[in-house]
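Participant: Predicted model and sequence below, questions to follow.
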Amino acid sequence: MAEVPSTRSLSLGSPAPAFSLPNGRGEVLTLQDVRGPRGLVVAFVCNHCPFVLHLANELGIFAATCEAKGVGFVGISSNDVERYPADSPEKMLEMSAKYGWTFPYLYDETQEVAQAYFAACTPDFYVFDDKLELTYCGQYDASRPKNGLPVTGEDLRAAVDAVLKGESPVATQRPSTGCNIKWKPGVEPAWFAKS
């Protein structure tokens, strides 16, 4: 598995790019539908990536904690499902059920949302405050498959805690790493090739 870093090309303070995407059942949700009154976490994930599977159980628990505190949480899969059928919307429903994901898990078929967020890998995390302005873009924590570190969510947790306390963005923002977004032929953005 190739390990690709996130780009963090969306600047801190940037507004959350709007979207309108279906879940695995075809129900369409927008940015406004998934935001919480106190903020929002956007996670670019997919079904087959070992980096996502590594933290899948903890991610569901963390998302529920966020939502209980008024911070929305949404997962978005942007992979090309023609070449990677394991990431299909039907399989997204299975993934949510298997790992207890109660947060919305949406399908970005055109890959336009991934491009708007400059998402480069799965997982890739973005934290927005109550004004939907970016305060964090980076890793869940330092744990990766096979590195032996426990999955704690400490980096993302600190970013969400800062939002809840009305504090400035956390000073240390380490890029996430994972499998690259599986771009459709001819869709791979120029900035991704440079990352």
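Facilitator: Done, it's in.
Participant: residue ranges for the strands of the chain, please.
Facilitator: Listed in chain order, the strands of the chain (DSSP state E) span 4-5, 20-22, 28-30, 39-44, 71-77, 105-107, 121-122, 124-128, 134-138, 177-180.
Participant: Least reliable of those by average pLDDT, please.
Facilitator: Note on the strands of the chain: lowest mean pLDDT is at strand 4-5, with a mean of 80.
Participant: Next one: the residue nearest the centre of the chain from residue 123, what distance?
Facilitator: Centroid check for the chain by CA atoms, centre = their mean gives residue 43 as the closest residue, at 1.2 Å. As judged by CB to CB, to the nearest Å, residue 43 and residue 123 stand 6 Å apart. Placement of C-beta: from N, CA and C, glycine included.
Participant: shared neighbours of the two, anything?
Facilitator: Shared contacts of residue 43 and residue 123, defined by CB atoms under 8 Å, 6 or more residues apart in numbering, are found at residue 59.
Participant: what comes up buried for the longest helix seen in the chain?
Facilitator: As assigned by DSSP state H, the longest helix anywhere in the chain is helix 50-68. By neighbour count on 16 or more other CB atoms under 10 Å, the buried set for helix 50-68 is 51-56, 58-60, 62-63, 66-67.
Participant: nearest to residue 131, of these?
Facilitator: Nearest to residue 131 among the buried residues of helix 50-68: residue 66, at 17.0 Å, using CB to CB.
Participant: and the closest one, what does it touch?
Facilitator: Residues near residue 66 by CB under 8 Å, 6+ apart: 36, 41, 72-73, 160.
Participant: One more: residue 45?
Facilitator: Neighbours of residue 45 in contact, by CB under 8 Å, 6+ apart: 52, 59, 75-77, 105, 122-123.
Participant: ok, those residues vs residue 30, which is closest?
Facilitator: Using CB to CB, the contacts of residue 45 come closest to residue 30 at residue 76, 12.4 Å.
Participant: how close does that closest one sit to residue 165?
Facilitator: 26 Å.
Participant: more crowded one of these two?
Facilitator: residue 76 (24 against 8; other CB atoms under 10 Å).
Participant: Where does pLDDT dip in this structure?
Facilitator: Residues of the chain that meet the criterion pLDDT under 70 lie in 1-2, 8, 193-195.
Participant: go with 90
Facilitator: Within the chain, the segments meeting pLDDT under 90 span 1-10, 146, 170-172, 186-195.
Participant: Please report how far the closest residue in space to residue 119 that isn't next to it in sequence lies from residue 87.
Facilitator: Nearest-residue entry for residue 119: residue 44, 4.2 Å, with adjacent residues in sequence omitted and distances by CB to CB, 6 or more residues apart in numbering. Using CB to CB, residue 44 is found at 12 Å from residue 87.
Participant: Those two: who's more crowded?
Facilitator: residue 44 (27 against 22).
Participant: what are the bridge partners for the more buried one, then?
Facilitator: residue 76, residue 124 (DSSP bridges).
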